[in-house]
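S.K.: Pasting the sequence and the predicted model now:
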Amino acid sequence: MGIVGKVAAAAAIVVCGSVFSLALAGSDDQSDAHADKAQLHKLIADYQRPASIPFPEDNPYSDAKSELGKMLFFDPRLSVSNLISCATCHNPSFAWEDAQPLGSGDKMGQLGRHTPTILNLAWSEVFFWDGRADSLEEQALGPIAAAAEMAQPLDELVDELNAIEGYKTAFEAAFPGEGISEDNIAMAIATFERTVVSNLSAFDRWVRGDGQAISASAQRGFVVFNKKARCANCHSGWNFTDDSFHDIGLASDDPGRSEVLGGDILKHAFKTPGLRNIVERAPYMHDGSLQTLSEVVDHYDNGFVERDSLSEEMQQLGLTGDEKTDLIAFLKTLSSNDDPIDLPVLPN
Ligand code: HEC
Ligand code: HEC
């Protein structure tokens with residue numbers, strides 16, 4: 001977008017007085033303060049929520065598909081034990097992940113990585129911590145068949161679902177004349193997942209111009225997030241991710257993205273997670289090694305491992321105690337306090 005476009009975008013936002021009065025660090029005369037306000041406007045413009053959910057052309061939205069996908073997502077009969085559903089690990093009560101450092105799958109076996117959220121994945125282009133899947137459709141069948149997760153052979157699953165009258169009807173409504181197939185299972189689950197979007201948070205209300213929606217501390221934290229702490233260099237845009245891969249210097253020796261690429265490039269690099277509803281999503285990181293947001297902030301401040309693969313964006317930050325408090329206050333404004341979701345009635 002050219003400069004004119006940017007100005008127009010910023011001008012379109014109604015920002016009220018208390019936002020204007022927030023100065024960026026280090027300004028002491030009037031022209032600096034003026035420049036700061038313009039800068040803050042520009043920053044805020046980057047955080048507008050999109051108006052609608054994108055669905056791919058080869059798997060467009062329908063109510064029937066999404067409802068079917070929701071049933072499948074919550075149905076433990078998708079696992080060989082009939083005990084584990086997608087929602088066992090991606091639990092809506094924990095912002096669509098679980099509260100353990102590492103996931104547990106079939107026979108309670110421990111997985112190698114922490115369960116990520118499925119919130120706002122309609123906007124993602126790469127999936128899994130290491131980005132080994134290119135679409136939600138491609139991703140969906142992985143955990144069903146994976147021995148460590150749901151351990152369910154897919155051909156048997158198609159037979160099992162075919163024996164359930166209610167599923168035959170639901171698949172017919174979603175995919176008329178196509179019957180039950182692995183592809184249709186994946187397309188239905190992916191469609192449901194795209195509807196899992198975090199609602200308006202206090203931060204969004206602030207971005208839309210309600211200057212009282214977040215505290216003064218959180219407003220200062222927003223500036224720290226974007227400036228001194230450099231968080232927005234990777235956690236960018238309304239969903240707070242660049243959908244890219246970085247080594248942030250966690251102690252874990254998981255090769256991450258480099259294993260998918262088959263070389264030394266992007267060693268220990270993982271996908272940048274979005275930060276929506278982040279308070280509800282502890283513990284943190286691909287290895288679940290950080291328990292609280294305070295531990296996360298201390299990690300970025302000066303707790304990371306120095307190694308060749310470390311992202312150049314990772315630098316000693318020298319944050320003060322107040323700046324850390326403000327940063328955490330800001331992160332807390334990203335939660336949307338969604339209504340409890342209606343669980344589907346599973347067919348027989
Ligand atoms: C046993 C726990 C468990 C179950 C069951 C499970 N998942 Fe996951 N899921 C995980 C873990 C752990 C990861 C991260 C794995 C990795 O990145 O290597 C993951 C990753 C994902 C991702 C990628 C998220 C992202 O940000 O890239 C999606 C989407 C997903 N799962 C959907 C599903 C669906 C759909 C099902 C059911 C068919 C399911 N999961 C079942 C634990 C589970
Ligand atoms: C160099 C890019 C980069 C920068 C800078 C960065 N992050 Fe991250 N962030 C990531 C990546 C990549 C991960 C996942 C790392 C992993 O698990 O190995 C992550 C993970 C997180 C998580 C955990 C999310 C989850 O689902 O577990 C939080 C919270 C977080 N970052 C907050 C911040 C804050 C606050 C800052 C600024 C102080 C910041 N990040 C700076 C890239 C970055």
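M.R.: Perfect, I can see it now. Keep in mind the model is a prediction, meaning the values are calculated, not measured. Ligands and ions are numbered 1, 2, ... in the order given.

S.K.: Format the CA atom coordinates belonging to stretch 333-348 as PDB.
M.R.: The C-alpha coordinates for stretch 333-348 follow below in PDB (Å, rounded to 0.1, in the frame of the first residue of the first chain):
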ATOM      1  CA  THR A 333      -6.500  -7.300  27.000                       C
ATOM      2  CA  LEU A 334      -6.300  -9.700  24.100                       C
ATOM      3  CA  SER A 335      -8.800 -12.200  25.700                       C
ATOM      4  CA  SER A 336     -12.300 -12.200  24.400                       C
ATOM      5  CA  ASN A 337     -14.400 -13.800  27.100                       C
ATOM      6  CA  ASP A 338     -16.300 -15.900  24.600                       C
ATOM      7  CA  ASP A 339     -19.600 -17.400  25.600                       C
ATOM      8  CA  PRO A 340     -19.400 -21.100  26.300                       C
ATOM      9  CA  ILE A 341     -19.800 -23.000  23.100                       C
ATOM     10  CA  ASP A 342     -22.800 -25.300  22.400                       C
ATOM     11  CA  LEU A 343     -21.600 -28.800  22.300                       C
ATOM     12  CA  PRO A 344     -22.900 -30.800  19.400                       C
ATOM     13  CA  VAL A 345     -25.300 -33.800  19.900                       C
ATOM     14  CA  LEU A 346     -23.400 -36.700  18.400                       C
ATOM     15  CA  PRO A 347     -25.300 -38.900  16.000                       C
ATOM     16  CA  ASN A 348     -26.200 -42.600  16.400                       C
END
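
S.K.: Name the surrounding residues that touch it.
M.R.: Under the contact criterion CB atoms under 8 Å, 6 or more residues apart in numbering, stretch 333-348 has outside partners 67, 70-71, 74-75, 77, 92, 164-167, 169-170, 198-203, 206, 213-214, 218, 240, 275-280. C-beta here means a position set from N, CA and C on the backbone, and glycine is covered the same way.

S.K.: which ones are touching V126?
M.R.: A133, D134, D243, K271 are the contacts of V126 under CB under 8 Å, 6+ apart.

S.K.: Residues of this structure that sit close to ligand 1?
M.R.: 78, 84, 86, 88-90, 103, 105, 111, 113, 115-116, 118, 121, 127-130, 136, 139-140, 143-144, 149-150, 189, 193 (CB under 6 Å from any ligand atom).

S.K.: Which of those residues fall in helices?
M.R.: Of the positions in the residues of the chain next to ligand 1, C86, T88, C89, L136, Q139, A140, P143, I144, I189, E193 sit in helices, assigned by DSSP state H.

S.K.: which two from these end up farthest apart in space?
M.R.: T88 and L136 (18.5 Å; CB to CB).

S.K.: so what's the residue of the stretch 201-348 of the chain found nearest ligand 1 up against?
M.R.: Going by CB to the nearest ligand atom, ligand 1 is nearest to K271 of the stretch 201-348 of the chain, at 6.0 Å. By CB under 8 Å, 6+ apart, the residues touching K271 are V126, F128, W129, D130, G131, T241, D243, S244, F245, R257.

S.K.: so which of those is the most crowded?
M.R.: Using other CB atoms under 10 Å as the neighbour criterion, R257 leads the contacts of K271 with 25 neighbours.

S.K.: burial of D339, as a residue count?
M.R.: Neighbour count of D339, defined by other CB under 10 Å: 7.

S.K.: just to revisit the earlier point, near ligand 2, from the residues of the chain next to ligand 1?
M.R.: P116.

S.K.: residue boundaries of the strands in the stretch 1-150 of the chain?
M.R.: Taking DSSP state E, counting those that start in this stretch, the stretch 1-150 of the chain contains no strands at all.

S.K.: got the residues of it near ligand 2?
M.R.: Neighbours of ligand 2 within the stretch 1-150 of the chain, by CB under 6 Å from any ligand atom: P116.

S.K.: one more time with 8 Å
M.R.: E97, H114, P116, T117, W129 (CB under 8 Å from any ligand atom).

S.K.: what's the distance between P50 and N337?
M.R.: The gap separating P50 from N337 is 20 Å, by CB to CB, to the nearest Å.
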